[in-house]
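*Asks:* Fold the following, please.
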Amino acid sequence: MELIENILISIGPILVLLGTYLLILAHQKSNEIAHTVSKGQVADGMVIEMRDESGNSVESFNNHPVAPVVEFKTDNGKYIHYSRTFQNQSPYKPGQSVKIYYYIYKSIQQFALEDDQTGSLPSKLFRWGLVFCAVGFPGLVIKLSQLL
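*Replies:* Have a look, this model is predicted:
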């Protein structure tokens, strides 16, 4: 028992720091699409192909989830957006003209279609952040109490 306590005391602050970072990252990722749509500029794009969840281009997409790949031009050049919103009944077809939102600032490049969704990454980051904070916080408190 004492060994586990010593391990928690030594790695507790690192776990809390990592957990806090994951919580911040989860918040940022969950708001990324909404930020792009609200603050970004709009361009006309063209659906150039449909891809399945494994990243393969598909011709027939009636029976499995697919997402569009959109090509568009801005003042900064030509870009390709690989949507991560996979749908069984996709409203997009190759050759279709679509409206795409983009936010480009220094090294940040964010692209989104109107109906893009964040997926499961933010919730997974949030859960792991909570776990790391919950496991590391007691060790951090014990370490701080020893220092005082």
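
*Asks:* How far off centre is the lengthiest strand in the chain?
*Replies:* Scanning the chain for the strand with the most residues, using DSSP state E, yields strand 41-52. Mean C-alpha position of strand 41-52 versus that of the full chain (CA atoms, centre = their mean, to the nearest Å) differs by 19 Å.

*Asks:* same check, this time on stretch 91-99
*Replies:* For stretch 91-99, the distance to the chain centre is 23 Å (CA atoms, centre = their mean).

*Asks:* measure that stretch end to end?
*Replies:* 13 Å (CA to CA, to the nearest Å).

*Asks:* same deal with stretch 91-105?
*Replies:* 30 Å.

*Asks:* what's the average pLDDT for it?
*Replies:* In this model, stretch 91-105 has a mean pLDDT of 92.

*Asks:* on that earlier part again, state the mean pLDDT of the next helix or strand after the longest strand of the chain.
*Replies:* Counting by DSSP states H and E, the next helix or strand C-terminal to strand 41-52 is strand 57-58. Computed over strand 57-58, the mean pLDDT rounds to 77.

*Asks:* for strand 57-58, packing partners?
*Replies:* Where contact means 3 or more CB pairs under 8 Å, 6 or more residues apart in numbering; DSSP states H and E, strand 57-58 is packed against strand 41-52. Using the backbone N, CA and C atoms, a C-beta is placed for each residue, glycine as well.
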